[in-house]
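J.: Return atomic coordinates for the entry below.
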Amino acid sequence: MTKKYFTILSGIFFILTILPFSFATTTWGDKLFTLVINISLYLPLSFGGVGLIFGLLGEKGLLKQSLVFLNILGICIWGVLLFVGIYGFQQP
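T.: Numbering: from 1, shown residues only. From the prediction side, this is the model:
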């Protein structure tokens, strides 16, 4: 029964990881993106990490594989964005 909860939590944390990035181009999504970044620059990355841990502890099967892959994809997207944001925009 607890593995089912881990699977649900992994899905929720994946949505929390991707939500600010996917709605950043809309008018109300820009405010959501700014709110998340103002809280912490690493918050979406940590959501992805927690989602990955819950995904690894979740139920076996295709759903587990999908959640683990999607959480890793979310971590990679935010990792690239953080790398560009921190090191790419420095003044020479």
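
J.: gap between the residue lying closest to Ser40 once chain neighbours are set aside and Thr25?
T.: Computed as C-beta to C-beta, 6 or more residues apart in numbering, the closest residue to Ser40 that is not its neighbour in sequence is Ser46, at 7.7 Å. Glycine gets a C-beta too; all of them are placed from N, C-alpha and C. Distance, Ser46 to Thr25, by C-beta to C-beta, to the nearest Å: 23 Å.

J.: Please apply the same query to Ile86.
T.: From Ile86 across to Thr25, the span is 22 Å (C-beta to C-beta).

J.: what's the answer for Tyr42, then?
T.: For Tyr42, the distance to Thr25 - C-beta to C-beta - is 22 Å.

J.: Mind checking which of these two has more residues around it?
T.: Neighbours per residue (other C-beta atoms under 10 Å) separate Tyr42 from Thr25, with Tyr42 holding more: 12 against 9.
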